[in-house]
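Asks: pasting the structure only:
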Ligand SMILES: Cc1cc2nc3c(=O)[nH]c(=O)nc-3n(C[C@H](O)[C@H](O)[C@H](O)COP(=O)(O)OP(=O)(O)OC[C@H]3O[C@@H](n4cnc5c(N)ncnc54)[C@H](O)[C@@H]3O)c2cc1C
């Protein structure tokens, strides 16, 4: 039967474009359909870091690393609440895919290599020109290979035949036929209804919530896949970063001079811990906490390259005047206003001050300079996880990127890759590059597999 294309890819982010290039390289005729007016989605806005083990860049930096080590860390960090077969595939293919992307022309300077997660092995590979450059390089290859792209065309449905095999896409009343479809529509950060349904943890942010990604992240892949029998996996998984919420600035680190306590008045972490740790810990404190400091510390908080939006003396004073920050003459009054246990707060402050004096954080081993909490007025700044960066709930795939149905069987002709996939990410984001990496790995793999499948159909 004549088909319009071998492979149709829905979405043109890192996953979709990697799939397109790989499918064309495997000899398929390919169409990329993009709902927005330009290619790239959230991938274009992203840092584009690639979390990978065993790369040439690591070797050049003298870092010994293996997919086995990456797998062990990934599974342990996520308490095995992820799909081992899919994670294993990512770990095994991370370095070969990284070299493929590098070979296409993306530059990953060796000086950029860093520990992007919580482990001591540097696996974060930032590209020159960030995610935008990765998209430009991939799109350049797409164009060079003559792969068709249609923009401003949101796919509204999948076409199936009598056997339930996916045979095409629908855009309103128009249809295009193909041997296989790859869903690469990104996440659902821009879909409040899906956030309510799949991401209960986002309720902690309340009206402070905002999403940093692309407009097209409406979760269409989840809807399209489910309509043909695909199942959703990875409930309530996302990266939601901590913020005092004064404005929509992506400034997520906290200065070492503040002390953060929960409602019991207790510290629960090193306040300068990596963002992937703080976000999860805030949820465990009931979804919010308070940064506490005194007047002397507030007055001394100067602007710096790292802290410009929130943790600066004039901003803090203004927010306190506006009633957005709690200010009180005594710690007891501060605790009462914030609803913090007064005894807990008093005891915690005494212990913290003793540590400051001794020059050592004996509870959480914070390395940066700390400040005592002594001179009123005192301040309590509410912190919530409210900056939604990435969603991890999505379609369940197997290790070959086939979308699975309720019976754990592949839906024939349907593949998925990128943020639209749900069984790769656990409760903890693995670290910088932990989404872009798998987008490229599974995008490429989906392209290869879909091309092979479509060609075999043609035979
Ligand atoms: C500011 C920012 C920084 C980040 N930094 C990093 C980082 O450094 N490292 C990291 O690992 N992750 C990072 N992330 C996350 C990561 O970039 C994304 O998870 C990843 O790029 C998603 O890629 P994707 O291809 O799955 O989706 P996207 O890049 O979002 O592409 C999906 C595309 O599908 C289109 N689409 C959706 N529905 C339809 C439809 N029905 N029909 C047609 N087209 C449709 C969308 O318009 C979009 O263009 C960051 C994210 C943001 C927003």
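Replies: Received, thanks. Everything numeric here is computed off the predicted structure, so don't read it as measured data.
Asks: The one helix or strand residue 276 maps to packs against which elements?
Replies: According to DSSP states H and E, residue 276 maps onto helix 275-284. Packing partners of helix 275-284 (3 or more CB pairs under 8 Å, 6 or more residues apart in numbering; DSSP states H and E): strand 238-243, strand 378-391. C-beta coordinates here come from the backbone N, C-alpha and C atoms, glycine included.
Asks: Give me the distance between whichever residue of the stretch 151-300 of the chain sits closest to the ligand and residue 274.
Replies: Across the stretch 151-300 of the chain, the shortest distance to the ligand (CB to the nearest ligand atom) belongs to residue 216, at 2.0 Å. Separation of residue 216 from residue 274 (CB to CB, to the nearest Å): 29 Å.
Asks: For stretch 102-122, buried residues please.
Replies: Under the neighbour-count criterion of 16 or more other CB atoms under 10 Å, stretch 102-122 has 102, 106, 108, 112, 113, 116, 117, 119, 122 buried.
Asks: shouldn't residue 343 be in contact with residue 265?
Replies: Yes - shown here, residue 343 and residue 265 form a contact pair, counting by CB atoms under 8 Å, at 7.2 Å.
Asks: So between the two, which is more surrounded?
Replies: residue 265 (21 against 12; other CB atoms under 10 Å).
Asks: Could you report the neighbour count for residue 402?
Replies: Applying other CB under 10 Å, we find 23 residues neighbouring residue 402.
Asks: Next: residue 226.
Replies: By other CB under 10 Å, the residues close to residue 226 number 13.
Asks: so what's the backbone phi/psi at the nearest residue to residue 231 once chain neighbours are set aside?
Replies: Residue nearest to residue 231 in three dimensions, not counting chain neighbours: residue 396, with 5.0 Å by CB to CB, 6 or more residues apart in numbering. Per-residue torsions, residue 396: phi -90, psi 130 (degrees, to the nearest 10).
Asks: which SS class is residue 47?
Replies: Put simply, residue 47 is coil when judged by DSSP: H, G, I helix; E, B strand; the rest coil.
Asks: ok, the closest residue to it other than its chain neighbours - contacts?
Replies: Distances taken as CB to CB, 6+ apart place residue 130 nearest to residue 47, at 5.3 Å, with adjacent residues excluded. Residue 130 sits next to 46, 47, 48 when contact means CB atoms under 8 Å, 6 or more residues apart in numbering.
Asks: returning to what we had before: of all the buried residues of stretch 102-122, which comes closest to residue 359?
Replies: Nearest to residue 359 among those is residue 119, at 27.8 Å by CB to CB.
Asks: and the gap between the residue of the stretch 151-300 of the chain closest to the ligand and residue 389?
Replies: For residue 216, the distance to residue 389 equals 16 Å [CB to CB].
Asks: ok, and of the contacts of residue 130, which contact the ligand?
Replies: Among the contacts of residue 130, the ones lying near the ligand by CB under 6 Å from any ligand atom are 46, 47, 48.
Asks: Model confidence for the first one, exactly?
Replies: Model confidence at residue 46, given as pLDDT, is 97.
Asks: now do residue 177
Replies: Looking at residue 177, its pLDDT is 97.
Asks: Okay, and it sits in which element?
Replies: Going by DSSP H and E, residue 177 is in strand 174-183.
Asks: Does the helix or strand following that strand reach the ligand?
Replies: Note on strand 174-183: by DSSP H and E, the next helix or strand toward the C-terminus is helix 192-198. No - on the criterion CB under 6 Å from any ligand atom, helix 192-198 is out of touch with the ligand, staying 12.2 Å away.
Asks: gap between helix 192-198 and the chain center?
Replies: Distance of helix 192-198 from the chain centroid (CA atoms, centre = their mean, to the nearest Å) equals 17 Å.
Asks: Mind listing what's buried along that helix?
Replies: So for helix 192-198, counting by 16+ other CB under 10 Å, buried means 194, 195, 198.
Asks: Report the spatially closest residue to the last one, excluding sequence-adjacent ones.
Replies: What it means is residue 198. Residue 198 sits nearest to residue 393 (CB to CB, 6+ apart), 4.3 Å away.
Asks: can you check the second one too?
Replies: The shortest distance from residue 195 to any residue that is not its chain neighbour, by CB to CB, 6+ apart, is 5.1 Å, and that residue is residue 202.
Asks: re the thing from before, have a look at residue 216 and residue 274 and say which one is more surrounded.
Replies: Shown here are residue 216 and residue 274; by other CB under 10 Å, residue 216 has more neighbours (21 against 17).
Asks: Kindly give the local confidence score, pLDDT, for the more buried one.
Replies: Note for residue 216: predicted pLDDT of 98.
Asks: quick one: contacts for it?
Replies: 11, 34, 35, 36, 41, 185, 186, 190.
Asks: Can you give me the end-to-end span of stretch 303-322?
Replies: One end of stretch 303-322 sits 20 Å from the other (CA to CA, to the nearest Å).
Asks: One more: stretch 27-47?
Replies: End to end - CA to CA - stretch 27-47 spans 31 Å.
Asks: Tell me how far the residue most central in space within the chain lies from residue 149.
Replies: Centroid-nearest residue in the chain: residue 390, 3.6 Å away (criterion: CA atoms, centre = their mean). From residue 390 across to residue 149, the span is 25 Å (CB to CB).
Asks: same deal with residue 276?
Replies: Residue 276 sits 34 Å away from residue 149, going by CB to CB.
Asks: Could you do residue 81 as well?
Replies: Distance check for residue 81 against residue 149: by CB to CB, it reads 37 Å.
Asks: Compare the two and say which one has the larger neighbour count.
Replies: Higher neighbour count among residue 81 and residue 149: residue 149, with 19 against 14, using other CB under 10 Å.
Asks: Could you verify my assumption that the more buried one touches residue 40?
Replies: No - Residue 149 lies out of contact with residue 40 (CB under 8 Å); the separation is 11.4 Å.
Asks: related to what we said a few turns ago, of the buried residues of stretch 102-122, closest to the ligand?
Replies: Closest approach to the ligand among the buried residues of stretch 102-122 (CB to the nearest ligand atom): residue 116, at 8.0 Å.
Asks: re earlier: okay, and the common contacts of residue 149 and residue 40?
Replies: Joint contacts of residue 149 and residue 40 (CB under 8 Å, 6+ apart) are residue 12.
Asks: and residue 124, what are its bridge partners?
Replies: Counting by DSSP bridges, residue 124 is bridged to residue 51, residue 114.
Asks: so what's it up against?
Replies: 49, 50, 51, 113, 114, 115, 116, 117, 431, 432, 433.
Asks: same thing but 10 Å
Replies: 47, 49-52, 112-117, 431-434, 437 (CB atoms under 10 Å, 6 or more residues apart in numbering).
Asks: quick one: least confident helix or strand in this protein?
Replies: helix 275-284 (a mean of 88; mean pLDDT, DSSP states H and E).
Asks: Could you see whether the ligand lies near it?
Replies: No - if you take CB under 6 Å from any ligand atom as the test, helix 275-284 misses the ligand, and the best it gets is 11.2 Å.
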